[in-house]
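J.: below is the sequence, then the predicted model.
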Amino acid sequence: MAGILGRKVQQKLAEAMSKRSHFSKDEVDKLLDMWGAITAGGTRLDRNKFRDVLHNTFDMTDDILMDRVFRAFDKDMDSNLSQEEWVLGLSVFLRGTLEERVAYCFNVYDMNNDGYISREEMFQMLKNSMVKQTTEEDPDEGIKDIVELVLKKMDHDHDNRLSMDDFMKS
């Protein structure tokens, strides 16, 4: 009886979440099944298990990037994901509109959550994402050049940092 009751609750939850996401009811139901397998029937998904999912499913290996993706999913900032955060985060991550994905990327790069992407934040994210070259040139110099180029192209209000407005316009 408990299995049937639990299934009915999950189906109602799937229907409700499908109205707030870019997934169908059946897709949400499958994501909730996946949630149950990942969390062993638990109600929260911690950072380490989420990082395992990112690594195993999306081949992500950059620690800083995986932490930033987790934070973008963790809307209530309690260091755990709820089923709702899981489904809604995947909705934007996999099927979001252009505006939703741009805002999502901005939030990933805005490491201190101050509403701006600074030179240092860009540098840190790019430093860990760039392939290391075996040249005599200091690899940080190449990254600094990329940061300057990004600011030159995207910083529309010329305040030496990117706001959400700058990011959206670009």
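T.: Yes, it's here. Numbering: from 1, shown residues only.
J.: what does stretch 154-170 contact?
T.: For stretch 154-170, contacts defined as Cβ atoms under 8 Å, 6 or more residues apart in numbering pick out 99, 102-103, 105-106, 115-119, 122, 150-151, 153. C-beta coordinates here come from the backbone N, C-alpha and C atoms, glycine included.
J.: the same query, at a cut-off of 10 Å, please.
T.: For stretch 154-170, the external contacting residues (Cβ atoms under 10 Å, 6 or more residues apart in numbering) are 98-99, 102-103, 105-107, 109-110, 114-122, 150-153.
J.: ok, of those, which come out buried?
T.: The neighbour count (16 or more other Cβ atoms under 10 Å) marks 103, 106-107, 109-110, 116-118, 121-122, 150-151 as buried among the contacts of stretch 154-170.
J.: of the residues you listed, just say which sits nearest to Asp52.
T.: Asp52 has its nearest neighbour among these in Asn107, at 21.8 Å by Cβ to Cβ.
J.: report how many residues lie close to Met77.
T.: Per other Cβ atoms under 10 Å, the neighbour tally for Met77 reads 8.
J.: ok so, going back, now, which of the contacts of stretch 154-170 lie within helices?
T.: With DSSP state H as the criterion, helices contain 98-99, 102-103, 105-107, 109, 119-122, 150-153 from among the contacts of stretch 154-170.
J.: mind jotting down where the strands sit in the chain?
T.: Under the criterion DSSP state E, strands of the chain are mapped to 45-46, 80-81, 116-117, 162-163.
J.: need those in a markdown table with distance to Ile146, can you?
T.: As requested, the strands of the chain are exported to a markdown table (distance: least, Cβ to Cβ, whole Å):
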| stretch | distance to Ile146 |
| --- | --- |
| strand 45-46 | 34 |
| strand 80-81 | 32 |
| strand 116-117 | 13 |
| strand 162-163 | 14 |
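J.: want to throw these into CSV with distance to Phe58 and mean pLDDT?
T.: Converted to CSV, those look like this (distance: least, Cβ to Cβ, whole Å; pLDDT from 0 to 100):
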stretch, distance to Phe58, mean pLDDT
strand 45-46, 15, 95
strand 80-81, 16, 96
strand 116-117, 22, 96
strand 162-163, 25, 96
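J.: so which of those strands is nearest Lys19?
T.: Shortest distance between Lys19 and the strands of the chain, using Cβ to Cβ, is found for strand 80-81: 19.9 Å.
J.: from the chain's centre, how far out does that closest one sit?
T.: Taking Cα atoms, centre = their mean, to the nearest Å, the mean C-alpha location of strand 80-81 is offset from the chain mean by 13 Å.
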